[in-house]
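[1] Kindly return the folded structure for what I paste below:
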Amino acid sequence: MSGGSNADAAGGSQSKANNVLRKVIVWLVEGAAARPFTVLFTALLFLFASGYVVKTRLEIRTDLKELLPRDSPGFRAFEHQLGRVGGGTSLIVLAESPSEEANHAFIDTLYSRITSEMEKAK
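    A predicted model of the protein is given here:
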């Protein structure tokens, strides 16, 4: 019967932990209801502080080569293939106007100008 008393003791400690957690949550909710501007100010303070940290320390790297270890065979193969084929990129242009013909003319003109600039760059 000693196994049952251990289970009861474990259940009792879990119940006490739940009561403590419930009291803490009630205290937080009642405090937030009593001081809404303090809660709002604190939330804004954390928002701006985390935004500052993200802005100053977060570095986004989107190049696949940066994800591979430099000495890996995959990296070497990727570099070799990139040297053979070259890099590629996409340009997406949205044109909107009341006239479909004006949209087509704009895209054709833009295409001509981009291709001529690319030819000059070669």
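[2] So the spatially most central residue of the chain versus Val53, what's the distance?
    In the chain, the centroid-proximal residue (CA atoms, centre = their mean) is Ile60; its distance is 9.5 Å. Separation of Ile60 from Val53 (CB to CB, to the nearest Å) stands at 14 Å. Using the backbone N, CA and C atoms, a C-beta is placed for each residue, glycine as well.
[3] now His80
    Distance from His80 to Val53, by CB to CB: 39 Å.
[4] Least confident secondary structure element in this structure?
    Ranked by mean pLDDT, DSSP states H and E, the weakest helix or strand in the chain is helix 73-85, scoring a mean of 77.
[5] right, and the helix or strand after that one?
    Using DSSP states H and E, the helix or strand that follows helix 73-85 towards the C-terminus is helix 100-121.
[6] hmm, who's touching stretch 103-122?
    91, 93, 95-97 (CB atoms under 8 Å, 6 or more residues apart in numbering).
[7] ok, now with 10 Å
    91, 93-97, 99 (CB atoms under 10 Å, 6 or more residues apart in numbering).
[8] So which of those wins on neighbours?
    Greatest neighbour count in these, by other CB atoms under 10 Å, goes to Ala95: 12 neighbours.
[9] Hmm, it is touching Ala102, no?
    Yes: applying CB atoms under 10 Å as the test, Ala95 and Ala102 come out as touching, 8.2 Å apart.
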